[in-house]
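In: Next comes the sequence, and after it the predicted model I'd like to discuss.
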Amino acid sequence: LLRMLIGAIHKSRVGHGQAHIFDGNILEASCGTGTVIRSIVDLMKETDPERLESIIFTANDLSSGMQLQARVKLADVDGVYTQNDLRGLEIERQHVIILSQTLHLIADPERLEKERNGEEQITDHRQVKTEVIKNLFAQLEDNGFFILIDEWPAKLSRNRCTLEPDIEAAFEEQFRPIDS
């Protein structure tokens, strides 16, 4: 499924000049074991090896264990590895930022402690998730691309809600149509 998604994004062309999405600097904001970057690299090796050579990948993950696994999986990929908390990440502007399977892990540490102690009702930590998205979006180049692959909100709370209305309401001012 991930390979199909990456393939569809790779084939897409946007804007008046029909620019490639996978180009320039690409940050996977929470890379885990490096699966998304690996998928992009493998696809581009097959379809566009010349452009692949010009891409600079940055694999960020807060976990040193995940970073180690990503370095092994991406041993043949020229890239930068960083270990930053997404809540305060500052990085060179990127053409593409990918956030994959991460939002359900992001929580407000102070609120989480109060929830654990029974001082507050369990929530989905929407505010800190929104702040992370806004911060990542601010790291994009003009006309850059933000790719969100997630099932947020996950079962951090007993509340259930559908994805589309929540994303639309929470990030209405942050996202712009892909063809603008």
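Out: That came through fine. These figures come from a predicted structure and were not determined experimentally.
In: So what would you say the end-to-end distance of stretch 54-69 is?
Out: Across stretch 54-69, the terminal residues are separated by 24 Å (CA to CA, to the nearest Å).
In: mind checking how far it is from the chain centre?
Out: Centroid separation between stretch 54-69 and its chain, computed with CA atoms, centre = their mean, to the nearest Å, is 12 Å.
In: What residues of it count as buried?
Out: Buried positions in stretch 54-69, judged by neighbour count with 16 or more other CB atoms under 10 Å: 55, 57-62, 66-67, 69. (Each C-beta comes from the backbone N, C-alpha and C, glycine too.)
In: Can you name every helix or strand that the longest strand along the chain contacts?
Out: If you go by DSSP state E, the chain has its longest strand at strand 140-149. For strand 140-149, the packing partners by 3 or more CB pairs under 8 Å, 6 or more residues apart in numbering; DSSP states H and E come out as helix 2-11, strand 94-100, helix 126-138.
In: Return the most buried member of the ones you listed.
Out: strand 94-100 (a mean of 23; mean count of other CB atoms under 10 Å).
In: Let me see the contact set for M66.
Out: M66 sits next to 31-33 when contact means CB atoms under 8 Å, 6 or more residues apart in numbering.
In: Just checking, which helix or strand of the chain averages the lowest pLDDT?
Out: Sorting the helices and strands of the chain by mean pLDDT, DSSP states H and E puts helix 163-171 at the bottom, at a mean of 47.
In: Run through this protein and note the low-pLDDT ranges.
Out: Counting by pLDDT under 70, the chain shows low-confidence ranges at 1-5, 10, 12-19, 104, 108-109, 112, 122-124, 151-180.
In: Try it again at 50.
Out: 16, 153-168, 170-180 (pLDDT under 50).
In: If you count contacts, what does the helix or strand Y81 falls within end up packed against?
Out: Per DSSP states H and E, Y81 falls inside strand 79-82. If you count contacts as 3+ CB pairs under 8 Å, 6+ apart, strand 79-82 packs onto strand 56-60, helix 64-73.
In: wait, which of those is closest to Q94?
Out: strand 56-60 (7.4 Å; CB to CB).
In: Give me the packing partners of the closest one, helices and strands only.
Out: By 3+ CB pairs under 8 Å, 6+ apart, strand 56-60 packs against strand 25-28, helix 35-47, strand 79-82.
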